[in-house]
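Asks: below are the sequence and a predicted model; questions follow.
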Amino acid sequence: MDILTDLGIGIAIGMLAGTAGTHGSARGRMTILAAVIGLVAGFLIDGFVGALVAAAGAALGCIVISDVVYGASRREGSGGGALAFIVALVAVVVVAIALFVEPVVVVFALALIWLGLSRHRRAQRKHAGLRVLR
């Protein structure tokens, strides 16, 4: 198997783990769990290098998606469940793409990185504005 396939499978594992929408220390434990599952799956599929790539993809996917689902559930109450279902469907699509059209996995990885960075920047601007009000 190719490294991009391992990355795609790891991202899908992380996305599924991130649908729990945990926050704080629970998100850290869920991220470690997703990374371990990705490590095992990557090792079974492609050996040591595949294990590392899948674990990194799982950690990235879990951190970003859990933040998105947590934010949606905080704003909308039960709306996080629908978002979690949509994320689970997208995770299945990511696995299918990772198995059949490997180069497209790079697009998913870059989209996750962009989503995580943009949410972080937006949160920093929000807190900076709140500090001015004090």
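Replies: The structure has been received and is ready for your questions.
Asks: so for residue 77, what's the pLDDT?
Replies: Model confidence at residue 77, expressed as pLDDT, equals 67.
Asks: now the residue positioned nearest the centre of the chain: closest residue in space, sequence neighbours ignored.
Replies: Among the residues of the chain, the one closest to the centroid is residue 61, at 1.5 Å (CA atoms, centre = their mean). In space, residue 61 comes closest to residue 14 once its chain neighbours are excluded; the distance is 2.5 Å by CB to CB, 6 or more residues apart in numbering. From N, CA and C alone the C-beta is placed, and that goes for glycine too.
Asks: max-length helix in the chain?
Replies: Ranked by residue count, the top helix of the chain under DSSP state H comes out as helix 25-76.
Asks: what comes up buried for the helix or strand harbouring the residue nearest to residue 61?
Replies: Assigned by DSSP states H and E, residue 14 falls within helix 3-18. Using 16 or more other CB atoms under 10 Å as the test for burial, helix 3-18 gives 3-18.
Asks: what does stretch 98-105 give?
Replies: 98, 102, 105.
Asks: if I look at residue 50, how far off is residue 36?
Replies: For residue 50, the distance to residue 36 equals 14 Å [CB to CB, to the nearest Å].
Asks: what about those two, which has more around it?
Replies: Taking neighbours as other CB atoms under 10 Å, residue 50 and residue 36 compare with residue 50 leading, 24 against 14.
Asks: ok, now which ones touch the more buried one?
Replies: 1, 3, 6, 42-43 (CB atoms under 8 Å, 6 or more residues apart in numbering).
Asks: residue 25: which of those residues is nearest?
Replies: For those, the minimum distance to residue 25 (CB to CB) is 25.5 Å, reached by residue 42.
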